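Visitor: Fold the following for me, if possible:
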Amino acid sequence: MLKQFLHGYDKGFTLTELLVVSFLGLSMLALTLSTTASNRRLYKHDLIRTKINQNLRVGLDILGIDIREAGENLPPTFPAVELINGAGSAPDELIVRRNLLDEVFNVCQAITALSTNTNITVADNTLTTPGCDKTSNATGFSNWQAHRTAHSGSVKAYIFDRVAHVGEFFDYIGEQSTSNAYTINRAPGTWAHSFPVSSSSIYVLEEWRYRLQNGVVQIISNQDTANPLDVVDGVSGFQVTAYMQDSSTKTSFGVTDTWTQIRALDISITGQASFEGQNMSKTVSAQFFPRNILSN
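Guide: From the prediction side, this is the model:
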């Protein structure tokens, strides 16, 4: 009996048994590969979503710093915040401004639109205009000169008419002091607006304009549209809402609105990426408070 059993054992597996075993082995291998591929796909999916989220968070962090500094050394009547509402679902634009120096000059001799005057009188003892005496502007004149000198001899200044609510940047390149007057000098150019004595002031201003252009959130500094700074790419939506202290909301905020009445600016950025032929999107939001409101 034992010899017959061993003789049968030596014959090995039948073809049917080999096919069954091979099928089972291939099935287990296919299941393992399928599970691995599925896990890899989920990993890549989560990786892309995480990358979108981190990308948008970085953009919000940068924007939040600028919003918190908005309105520094600026009065409530100055447009420290502007919000341009995009038509329909189009992206919004946000403009925030701050004054870099404590001192602000009054315009002491009127400027006419389309004129090319390069000398701006900011103090003159021969005038009776309030705020235009030379003595009270001595510290400001010295600080402006020091600031300009420390920045390679030229900085951006901003002139603004508080009544007409118009303003423009110019290159502040020098200054002059006489026995009776202070003047600051601008680079050659033409004034776009008129600036009367009674309602116009000059600031060393910094302006940031946030916009969405071709899927990229950009910063335009001091209206230099030729050299925008890219903040975050892969963006499909940029929306801003102003929450006011009286509990109302505004989707647009103009030069005549009082920025010190803002409670918070709500920023929503939507990012988008493609994965295996499908579009993935995620929206992150945050609210920021222009803290210089507390100084007014």
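Visitor: Please count neighbours and contacts with C-alpha atoms only from this point.
Guide: OK.
Visitor: any idea whether residue 101 is helix, strand or coil?
Guide: coil (DSSP: H, G, I helix; E, B strand; the rest coil).
Visitor: Residue 208 - nearest residue in space that isn't next to it in sequence?
Guide: Nearest non-adjacent residue to residue 208, counting by CA to CA, 6 or more residues apart in numbering: residue 221, 4.9 Å away.
Visitor: how near is the one you found to residue 229?
Guide: 8 Å (CA to CA, to the nearest Å).
Visitor: Give me the more crowded residue out of those two.
Guide: residue 221 (18 against 15; other CA atoms under 10 Å).
Visitor: Quick check: the more buried one touching residue 205?
Guide: No - counting by CA atoms under 8 Å, residue 205 is not a contact partner of residue 221; they are 10.5 Å apart.
Visitor: returning to that earlier point: which residues are common contacts for residue 221 and residue 229?
Guide: Residues touching both residue 221 and residue 229 (CA atoms under 8 Å, 6 or more residues apart in numbering): there are none.
Visitor: pLDDT wise, what is the residue nearest to residue 208 at?
Guide: In the prediction, the pLDDT value recorded for residue 221 is 94.
Visitor: Contacts only, for it.
Guide: Here residue 221 is in contact with 206-209, 228 (CA under 8 Å, 6+ apart).
Visitor: In strands only, show me these.
Guide: Among the contacts of residue 221, the members found in strands (DSSP state E) are 206-209.
Visitor: Pull out the buried residues from these.
Guide: 206-209 (16 or more other CA atoms under 10 Å).
Visitor: just those now: which is nearest residue 84?
Guide: residue 209 (10.3 Å; CA to CA).
Visitor: So what does the closest residue to residue 233 other than its chain neighbours have for phi and psi?
Guide: Ranked by CA to CA, 6+ apart and with sequence neighbours excluded, the top spatial neighbour of residue 233 is residue 216, at 4.2 Å. Residue 216 adopts backbone torsions of phi -130, psi 130, taken as degrees, to the nearest 10.
Visitor: Which strands border the host helix or strand of residue 95, and is each parallel or antiparallel?
Guide: Assigned by DSSP states H and E, residue 95 belongs to strand 93-99. Strand 93-99 has the following sheet partners, assigned by DSSP bridges: strand 81-84 (antiparallel), strand 205-213 (antiparallel).
Visitor: Give the rounded mean pLDDT of that strand.
Guide: 97.
Visitor: again, but for stretch 283-290
Guide: Mean predicted confidence for stretch 283-290 is 94.
Visitor: Contacts made by it with the rest, please.
Guide: So stretch 283-290 is contacted by 53, 56-57, 60, 64, 67-71, 262-271 (CA under 8 Å, 6+ apart).
Visitor: Just the ones of those in strands?
Guide: Checked against DSSP E, these include these in strands: 262-271.
Visitor: buried subset of these?
Guide: For these, buried by 16+ other CA under 10 Å: 262-265, 267-271.
Visitor: sorry, back to before: how close does the residue nearest to residue 233 get to residue 76?
Guide: Taking CA to CA, one finds residue 216 at 32 Å from residue 76.
Visitor: quick one, which of the two is more surrounded?
Guide: Between residue 216 and residue 76, residue 216 has the larger neighbour count (other CA under 10 Å), namely 19 against 15.
Visitor: Would you quantify the distance from the more buried one to residue 70?
Guide: Distance from residue 216 to residue 70, by CA to CA: 23 Å.
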